[in-house]
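Enquirer: Here is my input, please return the structure:
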Amino acid sequence: MASRRRTQIHCVVGPLGAGKSSLIKALASCPRDEDDWAALINEVGDISVADAAAGMKKSFAVRDLLAGCLCCTATGQVALKITLAQILRKKPSHLFLEASGQAKPAELAQILRQQVGSSAKLGPIIGVLSPRLHEQLWGKSEAYNAQVENAEVLVLGRMDEVTKNEADRFEAWCRELVPPKRLILRASHGVVPDASQVLYPPLPVLPDEGTAPQVPVPGDAAPVPPMPSPIDSMPPVPVPTQRGSAFQEQHP
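Expert: Residues are numbered from 1 along each chain as shown. Below you'll find the model as predicted:
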């Protein structure tokens, strides 16, 4: 008897404007021919995932779910339960859930586990960040902090909007997070090279031989990352009273 296929759910979290829809659009172009994929959008972004998938030969169903944050509001959770049941009945191989900018990954993962049971499995949480938004939100938004800390995979979006030195320092800061991320990719001009890697990211490299890696289980609370150490004379992470950008180049 053929085994029943379980849908793998990928939660894509991050602030509005970081590039979540761009990532899903990139992923929409790379499924295998035999796969049928689906996306559930809980955010109103600049890019329409439905428009991007409309002309595809492969099966990629897109549903908008704008009934409120899926983990913060009761109406959002009820709408999520109903819509998930409808999507999972068709047994897509992958389901991408684009969460709102206020979503907290741990709470969202817990709700998903309760609602899908054994019909699906939760893949690594994907966080989409951008250096400009990071300097505005880090340390000031509880939801954003949780997204950075709990994501197992990071896609650094809108890197074309900063200088190469700023982009390098931002990526270096992300690579200092503890526990380490399983994968970090850059995106520029809406292009995510090797986007398909986010589906099956590698385990993080051991910091020392014989030391077990701290791999966060999707939805489990991750330790708060330390403040970044100076990298190439990188200024400290900004506080609310500080003006200027933590990643912006200083010019005389």
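Enquirer: can we go C-alpha only for contacts and neighbour counts from here?
Expert: Will do.
Enquirer: mind showing which ranges of the stretch 51-200 of the chain have poor pLDDT?
Expert: Counting by pLDDT under 70, the stretch 51-200 of the chain shows low-confidence ranges at 51-59, 67.
Enquirer: Which residue ranges of it form helices?
Expert: For the stretch 51-200 of the chain, the helices defined by DSSP state H, counting those that start in this stretch cover 74-88, 105-116, 131-137, 142-150, 164-175.
Enquirer: Of all the ones you listed, which one is nearest Ala18?
Expert: For these, the distance to Ala18 is smallest for helix 131-137, at 7.2 Å, taking CA to CA.
Enquirer: Tell me, how many residues neighbour Gln86?
Expert: Gln86: 11 surrounding residues under other CA atoms under 10 Å.
Enquirer: likewise Val198?
Expert: 23.
Enquirer: just Ile82 next, same as before
Expert: Applying other CA under 10 Å, we find 11 residues neighbouring Ile82.
Enquirer: got it, and Trp173?
Expert: Using other CA under 10 Å, the number of residues around Trp173 comes to 17.
Enquirer: if we can go back for a sec, can you say which of the helices of the stretch 51-200 of the chain is packed in most?
Expert: Counting by mean count of other CA atoms under 10 Å, helix 142-150 has the highest mean neighbour count of those, with a mean of 22.
Enquirer: With just CA atoms, put that one into CSV.
Expert: Only the C-alpha atoms of helix 142-150 are listed here, as CSV (Å, rounded to 0.1, in the frame of the first residue of the first chain):
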residue,chain,number,x,y,z
GLU,A,142,8.9,42.1,20.4
ALA,A,143,7.4,40.4,17.4
TYR,A,144,10.5,41.2,15.2
ASN,A,145,12.9,40.0,17.9
ALA,A,146,11.0,36.7,18.1
GLN,A,147,11.2,36.3,14.3
VAL,A,148,14.9,36.8,14.3
GLU,A,149,15.5,34.5,17.2
ASN,A,150,13.2,31.6,16.2
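Enquirer: elements contacting it?
Expert: Packing contacts for helix 142-150, counted by 3 or more CA pairs under 8 Å, 6 or more residues apart in numbering; DSSP states H and E, involve helix 105-116, strand 126-129.
Enquirer: CA atoms only: put stretch 23-30 into CSV for me.
Expert: Output of stretch 23-30 as CSV, limited to C-alpha atoms (Å, rounded to 0.1, in the frame of the first residue of the first chain):
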residue,chain,number,x,y,z
LEU,A,23,10.9,34.6,-1.7
ILE,A,24,7.7,32.7,-2.2
LYS,A,25,7.6,34.0,-5.8
ALA,A,26,11.1,32.7,-6.3
LEU,A,27,10.2,29.3,-4.8
ALA,A,28,7.1,29.1,-7.0
SER,A,29,9.4,28.9,-10.1
CYS,A,30,11.5,25.9,-8.8
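Enquirer: Now find how far off-centre it is within its chain.
Expert: 13 Å (CA atoms, centre = their mean, to the nearest Å).
Enquirer: And Val128, how close does it get to Leu108?
Expert: If you measure Val128 against Leu108 using CA to CA, to the nearest Å, the figure is 16 Å.
Enquirer: Please, where are all the strands along the protein?
Expert: For the chain, strands defined by DSSP state E occupy the ranges 7-13, 36-41, 59-64, 94-98, 120-122, 126-129, 153-156, 183-186.
Enquirer: Please compute how far the last one lies from its chain's middle.
Expert: Taking the mean C-alpha point of strand 183-186 and that of its whole chain, the gap between them comes to 11 Å (CA atoms, centre = their mean).
Enquirer: what pairs with that strand, and is each one parallel or antiparallel?
Expert: strand 153-156 (parallel) (DSSP bridges).
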